[in-house]
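# all I have is the shape, not the residue letters:
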């Protein structure tokens, strides 16, 4: 893998081509403006929650699947009334991983993924027998030993974050070799990708992110989770200190770039497209932040002057901090009846998302 990637000597040919310096400056400026506005902003939590959903939908759009934002919100809130299709399940997986990466320390996901195989083979943690400390004459002790072994195995899987489908004990899935290569070493491929990223330490953070994304698209380290590339590149920007108040949304900007430029045969053009995607996503984030500010002013006018024990201002704050709310959620959070929750929602004039009479959800 490393021999096919080679080194980054081709980077010396990039400066000065196709206005690369201007693109780097525009991307860094837009990203810094968005991060600075989010720092200490009262609508930061609501913006981040909505950005996660938008990034998940954009990720699936780049893969050729169309997932509506409202459908993903309803599925995440467990208020959908029909079985989720495959693309919606994948979008929810992207949403879940983005939340995990944003909640962890910068670079933590990749470090745990690379260290997981070493932890499994570590001599300090020998594999225990299926039924340790079994007393032959005590059947109850044997049952407890089996339960303890199952708990220990589940704890290792949760800690390492590695699925057990690749273990020798798992039964092969017929036809899987037609889609995935069974001898693919994801740990080595991820290590190669991180080695390439380490060669960009002297570059500008946004240019380093563009090179990292271009390299990911070239080598595809993860066969089953190829969509992780944009999330890890966003985490790289956060690790380089360019985005400290949020996790950048790279896919939202990439969908604004024509596919002919994203898949151009010239590497410089592809990297320039990624830089423009960073600028586009940052500008979209600033526009969304302005929209939240405008909606907050409208909600404040609708709330008006209320009594001190009114729960309407708290509901206005809730809908700004969450992508959607339901009647049960409002009733539980504000400790009011379901009827009162529906009345307050009607007073604020929130937008109903489901179009049905029961199990409804609202948003701004």
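Happy to help now that I have it. Owing to the predicted nature of the structure, the values given are computational and were not obtained by experimental measurement. Numbering: from 1, shown residues only.

# residue 100 contacts residue 94, doesn't it?
No: using Cβ atoms under 8 Å, residue 100 is not in contact with residue 94; the gap is 10.8 Å. C-beta: built from backbone N, CA, C; applies to glycine.

# compare those two (neighbour count), which wins?
Per other Cβ atoms under 10 Å, whichever of residue 100 and residue 94 has more neighbours is residue 94, with 26 against 13.

# in space, what's closest to that one - neighbours in sequence excluded?
In space, residue 94 comes closest to residue 56 once its chain neighbours are excluded; the distance is 4.3 Å by Cβ to Cβ, 6 or more residues apart in numbering.

# which residues touch that neighbour?
Residues counted as contacts of residue 56 (Cβ atoms under 8 Å, 6 or more residues apart in numbering) are 67, 72, 91, 92, 94, 95, 98.

# relative to residue 319, how far out is it?
Relative to residue 319, residue 56 is positioned 21 Å away (Cβ to Cβ, to the nearest Å).

# report pLDDT for the spatially most central residue of the chain.
By Cα atoms, centre = their mean, the chain has its centre lying nearest to residue 98, at 1.7 Å. We have a pLDDT of 92 for residue 98.

# run the chain-centre distance for whichever strand or helix holds it.
Assigned by DSSP states H and E, residue 98 falls within helix 86-103. On the basis of Cα atoms, centre = their mean, to the nearest Å, helix 86-103 sits 5 Å off its chain's mean C-alpha point.

# and the pLDDT for residue 284?
If you check residue 284, the pLDDT there is 93.

# tell me how many other residues crowd residue 265.
Around residue 265 there are 6 other residues, counting by other Cβ under 10 Å.

# rewinding a little: list the buried residues for the helix holding residue 98?
By neighbour count on 16 or more other Cβ atoms under 10 Å, the buried set for helix 86-103 is 87, 88, 90, 91, 92, 94, 95, 97, 98, 99, 101, 102.

# who touches it?
Applying Cβ under 8 Å, 6+ apart, the contact partners of helix 86-103 are 48, 52-53, 55-57, 59-60, 63, 65-67, 71-72, 75-76, 84, 108-109, 227-228, 231-232, 234-235, 246-247.

# report the buried members of the residues you listed.
48, 52-53, 55-57, 59-60, 67, 71-72, 75-76, 109, 227-228, 231-232, 234-235, 246-247.

# return the subset of those residues lying in helices.
With helices taken from DSSP state H, the overlap with the buried ones among the contacts of helix 86-103 comprises 48, 52-53, 55-57, 59-60, 71-72, 75-76, 109, 228, 231-232, 234-235.

# from the chain's centroid, how far away is the top helix by length along the chain?
Taking DSSP H as the criterion, the chain has its longest helix at helix 267-303. Put simply, helix 267-303 sits 17 Å off its chain's centre (Cα atoms, centre = their mean).

# so which bits of that helix are buried?
Using 16+ other Cβ under 10 Å as the test for burial, helix 267-303 gives 268, 270-285, 288-289, 292, 295-296, 299, 303.

# repeat for stretch 27-47
For stretch 27-47, a neighbour-count test (16+ other Cβ under 10 Å) marks 27-28, 30-31, 34-35, 37-38, 41, 43-44, 46-47 as buried.

# output these as a markdown table; include the columns distance to residue 217, pLDDT and secondary structure.
Formatted as a markdown table, the buried residues of stretch 27-47 follow (distance: Cβ to Cβ, whole Å; pLDDT from 0 to 100; DSSP: H, G, I helix; E, B strand; the rest coil):
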| residue | distance to residue 217 | pLDDT | secondary structure |
| --- | --- | --- | --- |
| 27 | 18 | 91 | helix |
| 28 | 22 | 91 | helix |
| 30 | 22 | 92 | helix |
| 31 | 21 | 93 | helix |
| 34 | 24 | 92 | helix |
| 35 | 25 | 92 | helix |
| 37 | 30 | 92 | helix |
| 38 | 28 | 91 | helix |
| 41 | 33 | 87 | coil |
| 43 | 33 | 88 | coil |
| 44 | 31 | 90 | helix |
| 46 | 32 | 89 | helix |
| 47 | 28 | 92 | helix |
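
# ok, the residues you listed vs residue 344, which is closest?
residue 46 (18.2 Å; Cβ to Cβ).

# residue 318 is in contact with that closest one, correct?
No: Residue 46 is not in contact with residue 318 according to Cβ under 8 Å; the separation is 9.5 Å.
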